[in-house]
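Enquirer: Give me coordinates for this.
(one chain, ligands or ions: 1)
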Amino acid sequence: MSSETTSSPAAADLMAGVAAQPGVAKPAPILTATGIRRSFGGLTAVDVAHLEVQRGTITALIGPNGAGKSTLFNLLTGFDRLGTGTWSFNGRRVSGMSGHQVARRGMVRTFQLTKALTRLTVMENMLLAAPNQRGERLWGAFLRWGSRAARTTVETGAPDAAGGASQPLSRAWNALARLGWRSQEQANIARAEELLERFNLLPMRDEMAGSLSGGQRKLLEMARALMTRPAMIMLDEPMAGVNPALVESLLDHITRLRDEGVTVLFVEHDMDVIMGISDWIVVLAEGRTIAEGRPEDIRSNRSVIDAYLGAHHDEPGSDGDAGAAGEEDR
Ligand SMILES: Nc1ncnc2c1ncn2[C@@H]1O[C@H](COP(=O)(O)OP(=O)(O)OP(=O)(O)O)[C@@H](O)[C@H]1O
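Expert: Got it, this is the predicted structure:
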């Protein structure tokens with residue numbers, strides 16, 4: 001694989017004047033986090049003073065094993081709500097929100113296919129990740145109307161009149177709701193097909209997700225996350241377990257997302273991949289941000305090299321098969 005960076009000219013321009021130092025401000029951050037801390041018993045897993053992710057870039061979050069990368073991912077995306085600190089996404093505070101609420105605001109993360117999901121077809125996996133906002137709104141309106149009708153019945157003491165009127169109305173609402181669901185479902189299927197085609201998975205749409213190869217699973221995880229058209233996608237080790245033949249294709253998908261305007265934040269151990277596609281790299285060690293910068297800044301950063309060597313991990317900027325080394329450590 002080429003070790004040349006595929007940073008887009010637009011992303012490189014954006015980051016041109018940004019100093020390579022931990023916690024540095026970005027010209028137009030999509031994610032801003034301050035004072036994030038998470039402890040497990042006596043162990044401080046994450047203690048990040050300030051972090052900004054620039055909109056429209058591919059940012060890598062790297063660090064030796066146990067540095068706190070997954071814990072930070074879990075906090076930012078609302079899947080672990082036991083940390084402290086504040087963070088906002090797209091200018092709105094999202095700290096304290098559930099994973100579902102964060103995803104609705106446009107920040108989604110990929111999930112490994114669980115055992116249960118491997119027993120569903122590829123299309124079923126896609127549809128499970130789909131938004132159902134219109135159906136939810138219709139049902140919400142229906143339920144609100146229902147409670148108002150019930151209140152009127154109690155207040156007027158005229159159950160027959162209210163009940164008589166509510167039956168055709170409730171049938172109409174049911175039909176509307178069904179229509180809402182149906183058109184939403186059709187839109188979801190169309191979106192799923194479009195994404196499956198893009199990720200070369202359309203021929204497998206009716207196959208069990210468990211029958212996919214490691215690389216195809218990673219593609220499905222990415223495709224699922226894109227069902228809600230997020231502004232930012234967070235990829236957890238997108239290359240783990242991927243056959244080298246598929247790595248290039250996965251990298252192309254990631255850079256294409258960035259070029260289409262989706263911000264990408266990813267955790268990865270494979271140094272070739274990290275140095276090859278990142279516009280910006282954030283390095284964590286023992287829960288803290290010890291360095292930030294462009295790939296060339298990180299390659300030569302002494303504290304980064306020390307952190308990796310201290311952890312007997314693959315060194316940033318090395319030409320070896322870092323992915324394999326990273327996997328062995330796990
Ligand atoms: N649920 C938990 N209970 C106790 N300790 C935990 C828990 N989750 C993480 N830790 C600890 O917090 C620290 C950070 O772990 P985390 O998994 O976030 O690191 P990481 O950088 O993602 O590591 P890796 O690269 O190995 O996945 C580690 O010391 C880990 O043992």
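
Enquirer: so G63 touches S70, yeah?
Expert: No - if you go by Cβ atoms under 8 Å, G63 and S70 don't touch, sitting 10.4 Å apart. To be clear about C-beta, it is placed using only N, CA and C from the backbone, and glycine gets the same treatment.

Enquirer: Could you pull out the strands in the protein for me?
Expert: Ranges of strands within the chain are 29-40, 43-54, 58-62, 84-89, 92-93, 107-109, 232-236, 263-267, 280-285, 288-293, based on DSSP state E.

Enquirer: how about JSON lines for these, with mean pLDDT added?
Expert: Shown next, in JSON lines, are these (pLDDT from 0 to 100):
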{"stretch": "strand 29-40", "mean pLDDT": "98"}
{"stretch": "strand 43-54", "mean pLDDT": "98"}
{"stretch": "strand 58-62", "mean pLDDT": "97"}
{"stretch": "strand 84-89", "mean pLDDT": "97"}
{"stretch": "strand 92-93", "mean pLDDT": "96"}
{"stretch": "strand 107-109", "mean pLDDT": "95"}
{"stretch": "strand 232-236", "mean pLDDT": "95"}
{"stretch": "strand 263-267", "mean pLDDT": "97"}
{"stretch": "strand 280-285", "mean pLDDT": "97"}
{"stretch": "strand 288-293", "mean pLDDT": "97"}
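
Enquirer: and stretch 194-208, how far from the chain's centre?
Expert: 20 Å (Cα atoms, centre = their mean, to the nearest Å).

Enquirer: measure that stretch end to end?
Expert: Across stretch 194-208, the terminal residues are separated by 19 Å (Cα to Cα, to the nearest Å).

Enquirer: buried set for it?
Expert: For stretch 194-208, a neighbour-count test (16 or more other Cβ atoms under 10 Å) marks 195-196, 199, 201, 204-205 as buried.

Enquirer: what are the phi and psi values for L82?
Expert: The phi and psi values for L82, taken as degrees, to the nearest 10, are phi -100, psi 10.

Enquirer: Next, count neighbours for it.
Expert: 9 (other Cβ atoms under 10 Å).

Enquirer: among the buried residues of stretch 194-208, which are within reach of the ligand?
Expert: Applying Cβ under 6 Å from any ligand atom, the subset of the buried residues of stretch 194-208 adjacent to the ligand is empty.

Enquirer: Looking at those, which are in helices?
Expert: Within those, residues falling in helices by DSSP state H are 195-196.

Enquirer: which of the buried residues of stretch 194-208 sit farthest apart?
Expert: Greatest spacing in the buried residues of stretch 194-208, by Cβ to Cβ: L195 and M204 (12.6 Å).

Enquirer: thinking again about what came up before, Serialize the strands of the chain to TSV and add fields for mean neighbour count.
Expert: Formatted as TSV, the strands of the chain follow (neighbours: other Cβ atoms under 10 Å):
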stretch	mean neighbour count
strand 29-40	18
strand 43-54	20
strand 58-62	26
strand 84-89	18
strand 92-93	10
strand 107-109	25
strand 232-236	22
strand 263-267	24
strand 280-285	25
strand 288-293	22
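
Enquirer: mind listing what the nearest residue to L72 once chain neighbours are set aside touches?
Expert: What sits nearest to L72 in space, not counting adjacent residues and going by Cβ to Cβ, 6 or more residues apart in numbering, is V46, at 5.1 Å. By Cβ atoms under 8 Å, 6 or more residues apart in numbering, the contact list for V46 reads 36-38, 68, 71-72, 75, 83, 284, 287.

Enquirer: cutoff 7 Å now
Expert: 36-38, 68, 71-72, 75, 83, 287 (Cβ atoms under 7 Å, 6 or more residues apart in numbering).

Enquirer: and if you look at P230?
Expert: Applying Cβ under 7 Å, 6+ apart, the residues near P230 are 106-108, 262.

Enquirer: mind running it again at 8 Å?
Expert: 103, 106-108, 262.
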